[in-house]
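>>> the sequence isn't on hand, but the structure is:
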DNA sequence: GTCTATAGCTCGATAGAC
DNA sequence: GTCTATCGAGCTATAGAC
């Protein structure tokens, strides 16, 4: 009950974080969207930052869960594409929070949240393993440090291009994911082997 | 005098927009950073949104100026790389505002600002011409619509990866620009012809 | 529902130029 | 003396917190 309510709150916060960002999101909005009194929110979470942090932890948890169901028999680069494509789908469904800006009051709270930091570490570890594996197999470029690849994948997961293209409503969600994934992995330059 | 003051204000706003984003930026901060009273700001700009809009117009103007000095004898894809690399350098110098979120109060003001919209149109027109030219020459992929390429270039110009890598302070600015440019144009996949 | 802090915004006084 | 520019101080609304 208490747990179910909390789940609904977190879900709402994730959506609002995606739509407006942390600073523009108000806890009045959150309360109104969930359909509870603002004061009730504070029974669940001590403050706005912790509210947002809970949402971020939830997203990281879901990402870790997704890693579990990535087919183990596909190539490491396809595993990476699968994860990034999944994240883009989340964004299209308004379930991917925007990155907090560097000076946001949210940042220190996230850095001090061990659930979040531990989740991020686990995420980076698994993705990092796939990256080096893919590099060893010659599937992704070895001329970029694995860390740069990892950051790039994180950035693509919340790439604003997805939102731009969605707004135009000229393409289906599947097309958007496909195009942005291709531009990321194959690059913008033409390729000898590609069409 | 009045003009010089206004230039200093805009410069400060550009920096703060890059550091904190529109919502987290306060006009008290702007006034303090410029070294004038808050009331004086309102002699120059009617409100916070217009303040930010002036900064955005300034950035677009600078981009258009940069287009003028791009060497005309290089390939269209190199022209595009040059522009995106320049934008990344701006970001590294804290002179590239962050994208406003979709529901920001800044958005309608920007959409109603004819200087901004006209600048953006001119920018898109020139870049679009280079894109189709590069596609016609087989230099960049023709399997993505020009509009998708254009959006992708805009997104790379304020790519958060640049900030991530800068924060680590493990790479020089030139290295960061080079790596992010390569990841964008050559892609993450390994290439037959590359190292 | 109430309290408090703060962010956006404005006004009246002051100071200097002419 | 008038005019303009600037700034300290204050107003109002609202967001976070209880």
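Arrived safely, thanks for sending. Since the model is a prediction, treat every value here as computed from it, not as a measurement.
>>> only C-alpha atoms from now on, for both contacts and neighbour counts.
Fine.
>>> give me the below-cutoff pLDDT ranges for chain A.
Counting by pLDDT under 70, chain A shows low-confidence ranges at A:1, A:193-195.
>>> now do the SS call for the residue of it found nearest chain B.
Relative to chain B, the nearest point of chain A is residue A:187 (3.5 Å; CA to the nearest CA). What DSSP: H, G, I helix; E, B strand; the rest coil gives for residue A:187 is coil.
>>> spell out which residues of chain A are next to chain B.
Applying CA under 8 Å from any CA of the partner chain, we find that chain A lies next to chain B at A:19-21, A:23-24, A:101-104, A:138-144, A:148-149, A:151-152, A:155, A:159-161, A:164-165, A:179, A:183-191, A:195.
>>> one more pass at 6 Å, please.
Proximity of chain A to chain B (CA under 6 Å from any CA of the partner chain) is limited to residues A:20, A:23, A:101, A:103, A:139-141, A:151, A:161, A:184-190.
>>> tell me which parts of chain A are close to DNA strand C?
A:38-39 (CA under 7 Å from any atom of the strand).
>>> which single residue in chain A comes nearest to DNA strand C?
For chain A and DNA strand C, the shortest gap (CA to the nearest atom of the strand) falls at residue A:39, measuring 5.0 Å.
>>> that residue: neighbour count?
11 (other CA atoms under 10 Å in any protein chain shown).
>>> can you show me the strands along chain A?
Read by DSSP state E, chain A holds no strands at all.
>>> what does it put close to DNA strand D?
Remark: the part of chain A in contact with DNA strand D comprises A:23, A:25-28, A:38-39, A:42, A:46-49, using CA under 7 Å from any atom of the strand.
>>> hmm, who's touching stretch A:105-121?
With CA atoms under 6 Å, 6 or more residues apart in numbering or on different chains as the test, stretch A:105-121 has contacts from A:49, A:53, A:57.
>>> filter the residues of chain A next to DNA strand D down to the buried ones.
In the residues of chain A next to DNA strand D, burial by neighbour count holds for A:23, A:25, A:27, A:48-49, counting by 16 or more other CA atoms under 10 Å in any protein chain shown.
>>> among these, name the ones in helices.
A:23, A:27, A:48-49 (DSSP state H).
>>> and residue A:139, how many neighbours does it have?
19.
>>> apart from its chain neighbours, what residue comes closest to residue A:132?
Excluding the flanking residues, the one nearest residue A:132 by CA to CA, 6 or more residues apart in numbering or on different chains is residue A:146, at 6.6 Å.
>>> any idea how far residue B:96 is from the one you found?
From residue A:146 across to residue B:96, the span is 26 Å (CA to CA, to the nearest Å).
>>> which of those two has more neighbours?
More crowded of residue A:146 and residue B:96, by other CA under 10 Å: residue B:96, with 23 against 18.
>>> list the contacts of the more buried one.
B:18, B:90.
>>> mind doing that once more with 10 Å?
By CA atoms under 10 Å, 6 or more residues apart in numbering or on different chains, the contact list for residue B:96 reads B:14-19, B:55-56, B:59, B:87-90, B:157-158.
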